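Asker: Sequence and predicted structure are below.
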Amino acid sequence: MRLDTKGLGKFLDRCSRPGRSSLNTAKQVIIGIGGSATNDGGFGMAVELGWRFLDADNKEIPKWTDLFRLKSILPPDPQNQRACQFEKVTVAVDVQNPLLGRNGCTRVYGPQKGLRARDMTRAEAALSRLAEVWEVQTGEDTASLPGAGAAGGLGFGLHCFAGAEIQLGFKIFAEAAGLAGLIKKADLIITGEGAMDRQTVMGKGVGELSKLSRDHDCPCLGLAGQLKGASDLKKSFLHCDALARITKMANAEARPGYWLAKLARETAGRLGANGSTLTII
């Protein structure tokens, strides 16, 4: 609950100001976010860029967890030159979650970051109030944007307080790598991650790869360390399996290459038994 994104704000402030760093000649920046330990909606970053968050008594709110008391948001003073000054900022998100609600950052990813059940109501209230005041002052419902909930709401914060355009990171990578052309040449795609679950198909790279494969009529296999909620993955993958099915996790962690090879052989055997003939590249 105490962690925030101040470090990113300091970095952006330093790098976007002429003469402050070796990056001062850069006009555009892509910021990849995901896997954060924060859930502050970009509050810490915004404070470092000069934004002010005031309560009903016009006192500055010191912590993101107190944002439920938020009354107004004041932009940086132009004379201080603390705002992010890149000409274009793109935020590459790894998921498509909105900021709030059942699929928002607090409910879905908060427990991974140490938020306990008793913290959820306050955390959600803080970000809800932040989004509400922003919408009242700007007319923009940023909280509902796909990817606003990425990295503990940092997608929301970068869009609002650094003027960033939210894009799916996988899309940026796929276009740069010419991934669609590579998939057209393949008979089978094999991908995976440490744990595959419903989050996998919420915009993460593995889930997006499966969608792109499906668009090109190429089957996609998912091999993971652990597999949860396989029913959420059936529509996206030809088949999913996990190391946890064939060995204890301690064994898998100690010799991941060995067990992954074993799992791949078993999967290939199943496909062969089903009469599939595939060329894997």
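Answerer: Received it, and whenever you're ready, just let me know what you need.

Asker: Next, the contact list for Lys262, please.
Answerer: Going by C-beta atoms under 8 Å, 6 or more residues apart in numbering, Lys262 touches Ile246. No exception for glycine: its C-beta is placed from N, CA and C like everyone else's.

Asker: List the buried residues for the helix or strand hosting it?
Answerer: For Lys262, the host element (DSSP states H and E) is helix 256-273. By 16 or more other C-beta atoms under 10 Å, the buried positions in helix 256-273 come out as Trp259, Leu260, Leu263, Ala264, Thr267, Ala268, Leu271.

Asker: now, which of those residues sits nearest Ile33?
Answerer: Of all the buried residues of helix 256-273, Ile33 sits closest to Leu260, with 28.0 Å by C-beta to C-beta.

Asker: I'd say that closest one and Leu243 touch.
Answerer: Yes. The pair Leu260 / Leu243 is scored as a contact, 6.6 Å apart, by C-beta atoms under 8 Å.

Asker: who's in contact with stretch 160-176?
Answerer: 12, 30-32, 34, 42, 45-46, 49, 51, 84, 88-94, 96, 134, 138, 140, 142, 145-148, 150, 155, 158-159, 179-180, 203-205, 208-209, 212.

Asker: so how far is it from its chain's centroid?
Answerer: Mean-position distance between stretch 160-176 and its chain equals 11 Å (C-alpha atoms, centre = their mean, to the nearest Å).

Asker: which residues touch Leu223?
Answerer: Leu223 touches Ile190, Thr191, Gly192, Cys240, Asp241, Ala242, Leu260, Leu263, Ala264, Thr267, counting by C-beta under 8 Å, 6+ apart.

Asker: got JSON lines for the residues you listed, with pLDDT too?
Answerer: Shown next, in JSON lines, are the contacts of Leu223 (pLDDT from 0 to 100):
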{"residue": "Ile190", "pLDDT": "94"}
{"residue": "Thr191", "pLDDT": "95"}
{"residue": "Gly192", "pLDDT": "93"}
{"residue": "Cys240", "pLDDT": "92"}
{"residue": "Asp241", "pLDDT": "93"}
{"residue": "Ala242", "pLDDT": "95"}
{"residue": "Leu260", "pLDDT": "95"}
{"residue": "Leu263", "pLDDT": "95"}
{"residue": "Ala264", "pLDDT": "93"}
{"residue": "Thr267", "pLDDT": "89"}
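
Asker: May I see those organised as JSON lines, with distance to Leu221 added?
Answerer: Supplementary listing: those in JSON lines, determined by distance: C-beta to C-beta, whole Å:
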{"residue": "Ile190", "distance to Leu221": "5"}
{"residue": "Thr191", "distance to Leu221": "7"}
{"residue": "Gly192", "distance to Leu221": "8"}
{"residue": "Cys240", "distance to Leu221": "7"}
{"residue": "Asp241", "distance to Leu221": "8"}
{"residue": "Ala242", "distance to Leu221": "12"}
{"residue": "Leu260", "distance to Leu221": "12"}
{"residue": "Leu263", "distance to Leu221": "10"}
{"residue": "Ala264", "distance to Leu221": "9"}
{"residue": "Thr267", "distance to Leu221": "6"}
